[in-house]
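J.: predicted model and sequence follow; I will ask about them next.
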Amino acid sequence: MSKELIESFLQGMRERHAEEIEAIELPEGTEAYLENRIQAGDVATLTFMIKLAYLMGLHTGYAAGAGGSGTTPPPPQRGPLQA
């Protein structure tokens, strides 16, 4: 996936979900931690955080779709956004 396509996807999501995203309060110190990781060039930690958020979203979506059926989610697959 090209850099331009990723940027376009993120911009679209920003516009589409601006209110919901703005309403989320991250724990105190999160932005400072991210800035520190960026300055340190710690791509591995940032990538892990993105993958973790993606995985949590998959599980939430699966649980919502299953409607509390009590089944366990399938193992993670590659998603539509791949860098």
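T.: Perfect, I can see it now. Residues are numbered from 1 along each chain as shown.
J.: which stretches in the protein count as helices?
T.: Using DSSP state H, the helices assigned to the chain run over residues 3-16, 18-23, 30-39, 43-66.
J.: what angle separates the third one from helix 43-66?
T.: The one in question is helix 30-39. With axes from the mean of the first three to the mean of the last three C-alpha atoms, to 10 degrees applied, the angle from helix 30-39 to helix 43-66 works out at 130 degrees.
J.: I'd like the average pLDDT over helix 30-39.
T.: The pLDDT scores in helix 30-39 average 97.
J.: contacts for that helix next, please.
T.: 45-46 (C-beta atoms under 8 Å, 6 or more residues apart in numbering). Where you see a C-beta, it was placed from the backbone N, CA and C, and this is true even at glycine.
J.: ok now that helix, how far from the chain's centre?
T.: Relative to its chain's centre, helix 30-39 lies at 16 Å (C-alpha atoms, centre = their mean, to the nearest Å).
J.: for the last one, same thing?
T.: Helix 43-66 has its C-alpha centroid displaced from the chain centroid by 6 Å (C-alpha atoms, centre = their mean).
J.: would you mark the buried spots in that helix?
T.: Judged by neighbour count using 16 or more other C-beta atoms under 10 Å, helix 43-66 contains no buried positions.
J.: who's in contact with residue 8?
T.: With contacts taken as C-beta under 8 Å, 6+ apart, residue 8 has no neighbouring residues.
J.: check it and give its pLDDT.
T.: The per-residue pLDDT reported for residue 8 equals 95.
J.: equivalent analysis for residue 75, please.
T.: As predicted, residue 75 sits at a pLDDT of 66.
J.: could you tell me the least trusted of the helices of the chain?
T.: helix 43-66 (a mean of 89).
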